[in-house]
Structure formats: structure tokens, C-alpha cells
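In: Below are the sequence and a predicted model; questions follow.
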Amino acid sequence: MAGREGVPAGSQLPEASTISEEFLRQLTAVGEVDILVGVPTFNNRDTIERVVSALQVGLTKYFQRERCVLINPDGGSTDGTPEIFKNASVRDFGLLLTSNPLRTFHRVSAPYHGIPGKETALRTLFTAADLLRAKACAIVSPDSLSITPEWVDSLIRPIYRENFDFVAPVYQRRKFDGLLVRGLVSPVVAALYGCKIRELVGPDWGLSGRLACHFLGKDVWEEDITTFGLEVWMTTTAIVDGFRICESFLGPKIQAAKQYGQDVAGTVRQVVGALFRCLDTHEEFWKTRGAPEALPLYGFPYDVALEPIPFSKRGIMDTFRAQVDQLMPILESILTPQTLVEIRNMERLSTREFDYPSELWVKTIYEFAAAHHRSVINRDHLLQALPPLYRGWVSSFVFRNQKADAANIDQKLEALGHDFENLKSYLIDRWSAEAGGER
Amino acid sequence: MATDALWYKDAVIYELHVRAFYDADGDGVGEFRGLTLKLEYLQELGVSAIWLLPFYPSPLRDDGYDISDYTGIHPAYGTIDDFRMFLDEAHRRNIRVITELVLNHTSDQHPWFQEARSSRDNPRRDWYVWSDTIERYKKARIIFTDTELSNWAWDPVSKSYYWHRFFSHQPDLNYDNPVVREAIWGVMKFWFEMGVDGLRLDAVPYLVEREDTACENLPETHDVLKFLRSRVDAHFPGKMLLAEANQWPREVREYFGDGDECQMAFHFPLMPRMFMAIKLEDRKPIVDILQQTPDIPGNCQWGIFLRNHDELTLEMVTDEERDYMYDEFAREMRAKINVGIRRRLAPLMEGDRRRIELMNGLLMSMPGSPIIYYGDEIGMGDNIYLGDRNGVRTPMQWNGGWNAGFSGADPEQLYSPIISNPVYGYQAVNAESQRRYDHSLLSWMKRLIGLRKKTRALGRGTMELLAPPNHHVIAYMRALGGERILVVGNLSSQAQAAELDLRQWKGSIPIEMSGGNLFPPIGDLPYLLTLGSYEFYWFRLRRL
């Protein structure tokens, strides 16, 4: 099998552990493709038909002449998701403002081998992209309720026609939605990596075949970082390895409620842990990186009225105080005395007065990152100490901005991003501080 | 000649223009005497019928489709005796002859029209369709979009408009007039009595007009055809009528009637889809149209073809498909004309022998009687710089010598320039040099036609489409009685593997028909075949 340009042949040979024989048979029948759209699933029967129909219409409408395939690596669904995927069909293309497809519409669905999860599913998709020599790929969440055929164009066109390698989505978010990404992960990456990606964890992406092969060729697939923080790893790796990145507006982000899910604390630990590990790996890169640059944005941004995320104030402060008290011995190992004092002072504030200032939040995160890097304590324990502080910051942000509209929220978060940028040198100092020395 | 009434179901038809084939008298124009001299070539090729483009007296403003005398021979092509001699010689070689009946319209120089226009009271006035305004039949589309702005033309003689679906010098006959029907029957009788075996009914969907309709495929048109067919059956059983109806399969189906209209009809929509499939490297366009093709009466047959004397018509495709075909096959603007592409098979296939063979392999094995356009058996090229569709109607290339062996006249005297570029020119592509070599396209075509004629299932059998998972591969089974022919073709430029579900023929041994070699017997497992670039197989399934 020929290698992709710049990458030796054979280095992307599929691991037998992810591609089953049935999967391989189906891929063999498809042959080379121009565009691959992947929809990893696990028990998504309620939404998968709509997603597949939207993708089929999108591919027909925008890439009618291209060789396309829709691939569904399934993690062992028990609710009939793969059957629905295979049988979903568009009855009348004319009513959907497009014509009948010129080419055979390929659909491949098979369970993948290995531990069910995003990492295995995406690795399977990257392997398929390599085997089929796909030029452009899109990965779409199976539970998007707001997906339209235009998402296909938005995610694929910048790659297929404009030669980008990575398309990060831009969603219209509900007020206070996605604060972990918007208030922590994205601003850190922007400040340190010099690349402003608004939605760092997708879940809808576009990527070039060469980037998919590049990911596949990395020696990280058995590590925790891909298990628990794959999206962060993908994005930062794409930045560091010099791939062309852009953003594309997809519209509102509305997803079905997850049938399984992690609590906020778990998500924070995993995502932030992945981010911190990436900082370790990419230290030489981000330390010398300049100010962040905005990325090209494809698509026509628009706003629609979305219901805000409901947020209950009840008990938040009590929980914050209790948890911070409990974690104080750990926090003393992580945070500087000044930061610790400010957090203690916050504890004493009334609910009405409670405020987690932006600068303090930034310093908190950077001190955690540095402490994680220096492994001042067991890293898992360190990460377990972050969620209460995160909840505190979220509460403060929400309380302070409950009357603000979505545009104002965006401005506040933009300002927070500047704070992360301005305090980059603070992180660099903390990063190299001697253990036991000034913290 | 053998008297099988269904001879057309086994026919391999060769379409030619007498003007273009061979010039025996050295005036620069082919004629019947020259064609007669070349019947040996056609017999060797193996075709069983010749379809002659119009050879009647005509001002030749539409390459003979503008007829001014239905029962004569254009003097440039010889005399009626020359035609009789040709007919006899063709029949002696077991080659049937199909000629044109341009029944929708005449030339404006035809005496019928000259009389009709002379006065509103002339007895032949009602032989054509007249109007004082152009407001009638407004829903009828214009067919020759490059040259015509209206379906009505002003007649300055009788100061009224006359109806023409084609060029303005081709007024439509009025089939609501029973006298016209009888007159046309008289024409048919003339040629059938002489011995012609079939008539291609040109432009048959447009015979009748009605307000608030598209003036195509009307029930009254079918009444005309039933009338004519009933006369043919009564007086000339075994003669064949071939409908030229460039319509969707379900509409063309109507031209078979209940086996009481035309015996044959061209399958126009299949043709562009074969080209599309090979360019897309995907069987979908072919499969889709075959699935939309209705069953036809047992005494009827499709006429299938790759190219002909007209443009590769793109009327029966979607807008997106048309755009795709233009983008892929007509990158030069001059290659486009009307709603189609005026190129021959070989240039459309970029001179790729493998693709030419594949297209012919599919043509000769799909349901229908195949029609080969003259010159395509040797891979002739075209000249898009000639006007109208003349670029695909250039002189036949017989050898690499003077005027390609077509004529002894001065080159400037020829009715058309000969193709002379280094790729498709007569010195590179000609029948004589290809006759000498077993590996030439001509020799290959002879073998393919021979196989086709020996295999009744290909002409008369059923068709069952198979669905191998690999969409680059098209596969189907043709069956007649105990005869089973499996056709597998790779539409891709790259080698492909295909697994075929042949379990219902378990125990049969596929025998590859060109070489006669045995392939592994069919068992329970998917039958794996690997095919090289554009490769195809015909297998005869044999049970021991």
C-alpha cells in the first residue's frame, strides 16, 4: 500500500486490533474515496437516522461527483443503531433541494475491535481513511439534533477545496454552555499555542487524509492521553506539527442527552489532564510561541434564540466551601501562597458577594499546570483537586453574568482569553520553579 | 434470407451513410455501387443488418433528413437499380437492410409542401400543420436549440405559419389527416416490396400535436403507429419497424404497444449512462436506468448503441448529469451541439483501447440488439471543426493511401475532409492495416461479434443484475432456456476484486467465452474474480 506523502509506506498499516475482518471486507468493496465521513456510535438509535440522512443529502448536494463513503464504527450498540445506520435512506432528493446522487452511496458499518470508546472509534476511522486514501474526512457526532446537510460542506470544503488540514467547528452555544472549553481549555491553548480555536473538543471535525494518517502514525494510541483527551491531543498536535487549521461555522449546537455520561468532575479531570499532558509534550513549542492569531472562519455565522442552560444556585457555595476545605492540604502543594490566600478569602464571601476574578482563575489554572508538570503530587490526585475550583469559577461567572446576553458572554470570555495570554510569562516562571522553592 | 420473424432480436446492426462509405465512381461522394463493393468487408465483420441513413432526394440541408422525394435515390448516390443491386447483394450475404422513413416531416422542397404552401385552398394544404399565429402548441419544446428559436416558421408564400419540430426547412406532416397516413403507407409499401427488411421511423414521438400538451408521445401518435403496423403485418410479415424516440424508458415502452406498434425502439437513456459509468468508475448510472426499464412484449427488442450519426444526446439525463458529461467529455466548447456532444467513440474514450473494448463488450451483452456506428469498429476519430454533426460523418478510412482509400477523386472534391491528424488520421487508423493483424481493434470486434451471434441468450435472453459489493464492477446474468451467460466488467481504471453471489448456479462451471478456458466451479462461497483495468469477461455457465 502506498504511503501518504511525507510518510513512509507501511507506517500506517492498520492495527489488526481495531479493524475487524467484516469491516475490512466492506472497505475493500468501497475502494479509494475522495471523502470519508465517520460517525462513531454507541446506542444512538434516537438520532442516528437523522444524522445519516443529513449527511447523505449533504454529500449529494455538495460533493456529487466525488467518491464518498459514510463509515460507522460502532462500539457494540445493543439498541439497533447499526441497523438503523445501514437502512436510513433519503426517499426524495428533490424535496430536499438536491438531485439524485451520480455515484453509489457507500455505507460501511461494523463493530470495531478493542475497548469501546472514542479513541478506538477514531483510530478505526483514521485507519479506514488511510486504507481508502481519503483526501478529506469529517467526523460527526451521532447525537447532533441540529445537524443539517450544510455541515458536510462546512467541514469538508475547507479541506477538499482550500487545502486546509483541520477544520474545527464553531457553534452557536447556549448561554453558559461549554464553559469548560470556553473558559479554560480554549483560552489556554490560544494563549500558549498561539492558535485561537473556539471549540477544542469538537465533537464535529474536518480533517485531511494526510492529517488522519499523521495521527495514526503517532505512537500514542495505547496511552491515556488518547483514551481520555483525544480531541485536545488532536488539536494541539495539529498545531504543533504545522498543519493548516481553520474554523467553520456550523450553527447551533444541540445534542441529545447522553445515555451514559460522566459527571462534570470526571470530565474536568480528563480534559484538563489531557491538556496538561499536551503542555508537557509540547513544552518547547508553546514556550516560544507568540501572540495568538485568529483562524480563518468559513461559513456564514448567524444567531438564533436558544434557551440558556439551566443553572441552579442552590447549595453551590456550601459545596464549594466544603470541598475546598477538604482539599486544602492538596491545594497547598499545588498553589502559591498568594493564590491560596485569595481562594480562602473567596470561601468567606457570601453567596451574593462571591466572585472568582478572572486573573485569579487564570493563575489557578497555570499553577495547576505547572504543578502537574513538576508532579508535585500524584497527578491523578492533583487533577481531582481542580473540579471544585472549576465549579466555583463557573458559579461566579454565571452569577455575575446572569443578565448578560450571549454576545456579552462571548465578550467576557474573550477578555478572559486576554488574561490567559497576558499571564503566559507567569506560567513559564512557574513551570521551571524548583520543587520546594517559591511557589 | 432466413425467414425468422424475430430476426431483429439476434441482429448485430451496422449504421452507415452511403455517402461516407465508399466512392466507386470517383466523384468524391460515396454511393450504392461503392457500398455494394464493400459488402464483403461487412460480411467479414459479421454484422447481420445494415441501417442506412437517408439516401433519398433531398436539398441536404439536414444531411438527408430533409426529404424531397420518398421513393427516389439521390443522384449523388446512384439510381434505384443501384440500390436494388445493393439490396440483392446484401441479402445474398445474409445481411438485412434497414432504411430510414422520415415520417414526421419533409423538406420544404418536397412537392407535397410546395403544393400545400401554394394556396390555402390547395388539396394538399392540410397535409401540413398551419396557423395564422404562433400561439398554438406553446408547451412544445424546441429540439434544435442551437439554431431554432421557434417551432413555427413563417411561410411568405401562403402568408401563414407552419409547424416544424426540427429545422425550419422541415415542415411537419399532419397525421390528423388520413390521406397523409395513406401516403406514408404508400412509401412504406414501396420499399418493402423492393425487399427492404426494416424501416427506422425517424422522430416518431412528434407526429401529432395537441394544445396544452408537450406535443410528444401523444396517444394519437400511437394510433398512427398501430395503423401502420397493422398494414405491415398484413402485407409484409417479418418486416421490422424501429422507433426513434428519444424519451425515458417508460415512454419509449409505449412505442412497442402491445406488440402491435414498433418491433424495435432505441434505448436512448442507456447510452449516456454507459459513458457516465465508465467515467465515474461506478455501475450506478447503468444499474439505475436498467432498473427503470420496463419489460417489453416478447416480440419486441431494444436497439442499443454507443454512438451514432447524431450528437451523443444528453436530453434524457438530469441537469447535474448533463453538466458532468459536458465537463468530462466535452471540455472543448466546439464539441457541444444542441443538447449533446458531437464526438465519436474513440475520442470519447481518449483512444484507450481497453475502454473501447469494455464499452463494446457491454454493448454486445446487454439486453437489446447492438448497433455499431460505421468506423467505430476501427476506432475512427472525429472533426469537431466541421459544422453541425458532420464531424462524426467523415469518410470511412479504408487504408493509409490516397483519400484513405475512400475515393479516387481529388481530396478537395470529397464531400467532407478526411480525418488526418496523427492520432486518428487515416494513416494511423484504417481498415486495411487492421485487417492484417489479429490484435487490432477490427479483428477483436470481429471475434466479439462472432461470439455474440453464436449466443442466443444475449439477443433474446432475460437479464438479472447482480450486485457485487464492489461498485466498480458491473455484473449480470443473461439467460435463455438452459443457456446462461455471466457478464462481468470492471468500469475502473484500476484492478478490482469482486465477489459475486452465484449460489443459485452452484455446480456450474464458468467457461470464459473468448478463450474457452474453464474457471473454478461455482460453490457456496462468494465467487471471487479479479479484473484488470477495464477488463471484462463473458462466461458461459456449463453444468456437467
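Out: Sure, I can see it.
In: Return the residues of chain B in contact with chain A.
Out: Proximity of chain B to chain A, by C-beta under 8 Å from any C-beta of the partner chain, involves residues B:276, B:280, B:282-285, B:288, B:318-321, B:324, B:468-472, B:492, B:494, B:496-497, B:499. The way it works is simple: take the backbone N, C-alpha and C, and place the C-beta from them, glycine included.
In: Is it possible to mark the buried ones in these?
Out: For these, a neighbour count by 16 or more other C-beta atoms under 10 Å in any protein chain shown gives the buried set as B:276, B:280, B:282-285, B:288, B:320-321, B:324, B:468-472, B:492, B:496-497, B:499.
In: Would you state the helices of the stretch 301-439 of chain A in chain order?
Out: Residue ranges of the helices in the stretch 301-439 of chain A, as given by DSSP state H, counting those that start in this stretch, are A:316-334, A:337-347, A:358-374, A:379-384, A:386-400, A:406-422, A:424-432.
In: who wins for proximity to chain B among those?
Out: Comparing those against chain B with C-beta to the nearest C-beta, the closest turns out to be helix A:406-422 (39.3 Å).
In: The stretch 351-500 of chain B: helices as residue ranges?
Out: Under DSSP H, counting those that start in this stretch, the stretch 351-500 of chain B gives helices at B:353-363, B:431-435, B:441-454, B:456-460.
In: Count residues in the vicinity of the residue of the stretch 51-200 of chain B found nearest chain A, would you?
Out: Proximity of the stretch 51-200 of chain B to chain A (C-beta to the nearest C-beta) peaks at B:Arg141, 20.0 Å away. Neighbour count of B:Arg141, defined by other C-beta atoms under 10 Å in any protein chain shown: 11.
In: Would you enumerate the residues in contact with it?
Out: Shown in contact with B:Arg141 (C-beta atoms under 8 Å, 6 or more residues apart in numbering or on different chains): B:Ala214.
In: Show residues contacting stretch B:184-194.
Out: Outside stretch B:184-194, the residues touching it (C-beta under 8 Å, 6+ apart) are B:70-71, B:83-84, B:87, B:99, B:101, B:103, B:173, B:199, B:227-228, B:231-232, B:235-236, B:239.
In: repeat that with 10 Å
Out: Contacts to stretch B:184-194, defined as C-beta atoms under 10 Å, 6 or more residues apart in numbering or on different chains, come from residues B:56, B:67, B:69-71, B:80, B:83-84, B:87, B:97, B:99-103, B:173, B:175, B:196-199, B:201, B:207, B:224, B:227-228, B:231-232, B:235-236, B:238-239, B:241.
In: Could you list the domains of the chain?
Out: Using chain A. Segmentation of chain A into domains, based on automatic domain parsing, reads A:21-298, A:316-432.
In: could you do chain B instead?
Out: B:111-163, B:461-542.
In: And the residue of the stretch 401-544 of chain B closest to chain A?
Out: B:Pro469 (3.3 Å).
In: tally of neighbours for residue 125?
Out: With no chain named, the answer covers chain A. By other C-beta under 10 Å, neighbour count at A:Leu125 equals 28.
In: ah, no, chain B please
Out: 18.
In: can you pull the contacts of it?
Out: B:Glu115, B:Ala116, B:Arg117, B:Ser118, B:Ser119, B:Ser158, B:Ser160, B:Asn174, B:Asn177.
In: Okay, and which of those map to strands?
Out: Within these, residues falling in strands by DSSP state E are B:Ser160.
In: How about the contacts made by the closest residue to A:Ala238 other than its chain neighbours?
Out: Closest residue to A:Ala238 apart from its sequence neighbours, by C-beta to C-beta, 6 or more residues apart in numbering or on different chains: A:Phe166 at 4.5 Å. Going by C-beta under 10 Å, 6+ apart, A:Phe166 touches A:158-159, A:197, A:205-208, A:211, A:234-235, A:237-239, A:243-247, A:295.
In: What of B:Lys284?
Out: A:Asn100, A:Pro101, A:Leu102, A:Arg103, A:Thr104, A:Phe105, B:Arg273, B:Met276, B:Ala277, B:His471, B:Ile474, B:Leu491.
In: I'd like those written out as TSV, with pLDDT and distance to B:Val339 added.
Out: Below are the contacts of B:Lys284 laid out as TSV (pLDDT from 0 to 100; distance: C-beta to C-beta, whole Å):
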residue	pLDDT	distance to B:Val339
A:Asn100	82	19
A:Pro101	87	22
A:Leu102	92	18
A:Arg103	93	23
A:Thr104	91	26
A:Phe105	88	27
B:Arg273	97	15
B:Met276	97	15
B:Ala277	98	20
B:His471	96	28
B:Ile474	98	26
B:Leu491	98	25
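In: where in chain B is pLDDT low?
Out: B:1-2 (pLDDT under 70).
In: What about it, which residue is the most distant from its middle?
Out: If you look at how far each residue of chain B sits from its centre, by C-alpha atoms, centre = their mean, the farthest one is B:Asp524, at 41.4 Å.
In: quick one: which helix or strand includes it?
Out: For B:Asp524, there is no host helix or strand (DSSP states H and E).
In: For it, which non-adjacent residue is spatially closest?
Out: Using C-beta to C-beta, 6+ apart, the closest residue to B:Asp524 is B:Arg503 (6.1 Å).
In: Same check on B:Arg33?
Out: B:Ala24 (4.5 Å).
In: The one you found contacts B:Lys38, correct?
Out: Yes - between B:Ala24 and B:Lys38 there is a contact under C-beta atoms under 10 Å: 9.2 Å.
In: Show me which positions of stretch A:69-79 end up buried.
Out: Applying 16+ other C-beta under 10 Å to stretch A:69-79 flags A:Val69, A:Leu70, A:Ile71, A:Asn72, A:Pro73, A:Asp74, A:Gly75, A:Ser77 as buried.
In: For chain B, tell me whether it is touching it.
Out: No - Stretch A:69-79 is not in contact with chain B by C-beta under 10 Å from any C-beta of the partner chain; minimum separation 10.6 Å.
In: all strands of chain A, in order?
Out: Using DSSP E, the strands of chain A run over A:35-38, A:68-74, A:106-111, A:136-139, A:166-172, A:205-208, A:245-252, A:297-298.
In: thinking again about what came up before, just put the domains of chain A in JSON lines and tack on distance to B:Ala404.
Out: Shown next, in JSON lines, are the domains of chain A (distance: least, C-beta to C-beta, whole Å):
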{"stretch": "domain A:21-298", "distance to B:Ala404": "39"}
{"stretch": "domain A:316-432", "distance to B:Ala404": "75"}
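In: so which of the ones you listed comes closest to B:Tyr8?
Out: domain A:21-298 (33.2 Å; C-beta to C-beta).
In: still on that earlier bit, just the buried residues from the contacts of B:Arg125, in ChimeraX please.
Out: Listed next is the ChimeraX selection for buried residues among the contacts of B:Arg125, using 16+ other C-beta under 10 Å:
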select /B:116,117,158,160,174,177
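In: Can you check what pLDDT the model gives the residue nearest to A:Ala238?
Out: A:Phe166 is assigned 97 on the pLDDT scale.
In: Who is it paired with across the strands?
Out: A:Leu207, A:Ile245 (DSSP bridges).
In: Please tell me how far it sits from chain B.
Out: Distance from A:Phe166 to chain B, counting by C-beta to the nearest C-beta, to the nearest Å: 29 Å.
In: Flag every buried residue along stretch B:186-202.
Out: Neighbour-count burial for stretch B:186-202 flags B:Val187, B:Met188, B:Trp191, B:Phe192, B:Gly195, B:Val196, B:Asp197, B:Gly198, B:Leu199, B:Arg200, B:Leu201, B:Asp202 (criterion: 16+ other C-beta under 10 Å).
In: before we move on, what about stretch A:36-56?
Out: Applying 16+ other C-beta under 10 Å to stretch A:36-56 flags A:36-49, A:51-56 as buried.
In: Pick the most deeply packed of the domains of chain A.
Out: domain A:21-298 (a mean of 20; mean count of other C-beta atoms under 10 Å in any protein chain shown).
In: Measure how far it is from the centre of its chain, please.
Out: Relative to its chain's centre, domain A:21-298 lies at 9 Å (C-alpha atoms, centre = their mean, to the nearest Å).
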